[in-house]
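Undergrad: Return a 3D structure for these sequence lines:
(one chain, ligands or ions: 1)
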Amino acid sequence: MHDFHFHAPSSLKEALDLLSEHSDDSKILAGGTSLTTLLKQSLIAPSHIISLHRIPGLNSIDLTDGHLNIGGLVTQREMELSALVQKHTPILAEAYKRVATVRVRNVATVGGGIAQADPAMDPPSSLLILNASITATSSNGSRTLPIHEVYTDYYETSLEPEEIITALHIPVQPEGTNWTYIKYLPRTEDDYATVSVAAIGKITDGKVADVRVALGAVAPTAIRANALEEALIGMQKSSLTHEKLKEISQTVTAIVDPTDDPRGSAWYKRDMSAVFTRRALEEVLK
Ligand SMILES: Cc1cc2nc3c(=O)[nH]c(=O)nc-3n(C[C@H](O)[C@H](O)[C@H](O)COP(=O)(O)OP(=O)(O)OC[C@H]3O[C@@H](n4cnc5c(N)ncnc54)[C@H](O)[C@@H]3O)c2cc1C
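TA: Below you'll find the predicted structure:
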């Protein structure tokens, strides 16, 4: 590993000043679960590492005006175990619970996961269907970004190099919605998904009143199945036969864009996208 200057600022302002000073040659360190691998493999070689560990005030979870507000340094294990997250966004508690192992989740942070932007990660699809947003803070101030504008490509985000994700905001899951997070991993329990599907749905007066579906690991970013949602809204529950849901789920094969990798070939992932979308719909529109 190459040499670098290690900074451990004790305030957000100090961290932002350091980032602004070294923005083109620095990296933020949070849990370090992804960053240290990139450093060790010499895939990145920043001259400055700016650790967020000593910064107070970025590790709380609270509920205000129908939104969960989660500090950027909250760990993924805290997301899994938080009573507030379990009660108000249970799909997200489940998605974080499915990340790797307890050892990884104990140190990996919410902000680090979002900034890493690996499309095979577990939380992004749930964040998309919950219409989450983030606060990104730099020495010039803060801005709010809807999550679908954050992920732009494989491991790419719309964050500026001098911005820190200081918070994640999530509207609480609507009352009475069914939800599911399906992570299909044919290899080991702690692996990344081959295909994942997050879905919520609600039937009111015999019709589909709400349905939201997003897929992970099958495109450069997690993707929301907008056309499928539009096709389902308002449909009579009685018309949602296995065959009908199979037909509608097939439409996701047109929006996925998977790659061949050790977790499966592109054609297999495309096929499995439709299969697991149908299974998710059967669960949430039952
Ligand atoms: C063995 C292993 C298995 C894994 N399996 C899974 C899995 O099954 N599912 C899954 O979803 N994920 C998995 N992961 C990925 C894991 O979720 C990420 O490594 C983790 O989310 C990154 O968070 P971190 O806090 O450790 O970030 P770091 O490694 O510290 O940082 C990651 C990136 O984000 C930037 N960054 C960090 N914090 C911020 C911030 N607040 N604002 C702006 N930029 C920031 C860093 O500069 C860096 O570029 C696995 C990781 C490992 C090591």
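
Undergrad: Just give me how far the strand or helix carrying residue 80 sits from the chain centre.
TA: Using DSSP states H and E, residue 80 maps to helix 76-81. Helix 76-81 sits 14 Å away from the centroid of its parent chain (CA atoms, centre = their mean, to the nearest Å).

Undergrad: Now do it: everything it contacts.
TA: 59, 61, 70, 85, 92-93, 96-97, 99, 102, 104-106, 108-110, 113, 123 (CB atoms under 8 Å, 6 or more residues apart in numbering). Every residue, glycine included, has its C-beta placed from N, CA and C.

Undergrad: Need the CA coordinates for it. CSV is fine.
TA: Only the C-alpha atoms of helix 76-81 are listed here, as CSV (Å, rounded to 0.1, in the frame of the first residue of the first chain):
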residue,chain,number,x,y,z
GLN,A,76,-25.5,-1.1,9.1
ARG,A,77,-25.9,-3.3,12.2
GLU,A,78,-27.6,-0.4,14.0
MET,A,79,-30.0,-0.1,11.0
GLU,A,80,-30.8,-3.8,11.3
LEU,A,81,-31.5,-3.6,15.0
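
Undergrad: thinking again about what came up before, among the contacts of helix 76-81, which ones lie close to the ligand?
TA: Contacts with the ligand are made by 99, 104, 108, 109, 113 out of those, judged by CB under 6 Å from any ligand atom.

Undergrad: dump the residue contacts of the nearest residue to the second one once chain neighbours are set aside.
TA: Pointing back at residue 104 there. With sequence-adjacent residues excluded and distances taken as CB to CB, 6 or more residues apart in numbering, residue 104 is closest to residue 33, at 5.5 Å. Residues near residue 33 by CB under 8 Å, 6+ apart: 104, 107, 108, 112.

Undergrad: which one of those is nearest the ligand?
TA: Nearest to the ligand out of the contacts of residue 33 is residue 112 (CB to the nearest ligand atom; 2.2 Å).

Undergrad: who touches the helix or strand just after the helix holding residue 80?
TA: Counting by DSSP H and E, the element after helix 76-81 in chain order, helix or strand, is helix 83-88. For helix 83-88, the surrounding residues in contact (CB under 8 Å, 6+ apart) are 61, 62, 63, 68, 70, 79, 92, 93, 96, 170, 172, 173.

Undergrad: Alpha carbons of helix 83-88, as PDB, please.
TA: Coordinates of each C-alpha in helix 83-88 appear next as PDB, following Å, rounded to 0.1, in the frame of the first residue of the first chain:
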ATOM      1  CA  ALA A  83     -36.500  -0.400  16.900                       C
ATOM      2  CA  LEU A  84     -37.500   2.800  15.000                       C
ATOM      3  CA  VAL A  85     -36.200   1.400  11.600                       C
ATOM      4  CA  GLN A  86     -37.900  -2.000  12.300                       C
ATOM      5  CA  LYS A  87     -41.200  -0.300  13.100                       C
ATOM      6  CA  HIS A  88     -41.300   2.400  10.500                       C
END
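
Undergrad: Following the record's annotation, map out the domains of the protein.
TA: 5-50, 61-171, 180-284 (automatic domain parsing).

Undergrad: Excluding chain neighbours, what is closest to the residue nearest to the spatial centre of the chain?
TA: Centroid check for the chain by CA atoms, centre = their mean gives residue 124 as the closest residue, at 1.9 Å. In this structure, residue 124 finds its nearest non-sequential neighbour in residue 222, 3.7 Å apart by CB to CB, 6+ apart.

Undergrad: how many other residues sit next to the one you found?
TA: 28 (other CB atoms under 10 Å).

Undergrad: From residue 201, how far off is it?
TA: According to CB to CB, to the nearest Å, residue 222 stands 18 Å off from residue 201.

Undergrad: residues from the stretch 1-150 of the chain in reach of the ligand?
TA: So far as CB under 6 Å from any ligand atom goes, the stretch 1-150 of the chain lies against the ligand at 27-35, 72, 99-100, 104, 108-109, 111-113, 115-116, 121-122.

Undergrad: what's the helix or strand for the residue of the stretch 151-286 of the chain found nearest the ligand?
TA: With CB to the nearest ligand atom, the shortest gap between the stretch 151-286 of the chain and the ligand falls at residue 165, namely 3.6 Å. If you go by DSSP H and E, residue 165 is part of strand 164-171.

Undergrad: and that strand, which residues are buried?
TA: Within strand 164-171, the residues that count as buried by 16 or more other CB atoms under 10 Å are 164, 165, 166, 167, 168, 169, 170.
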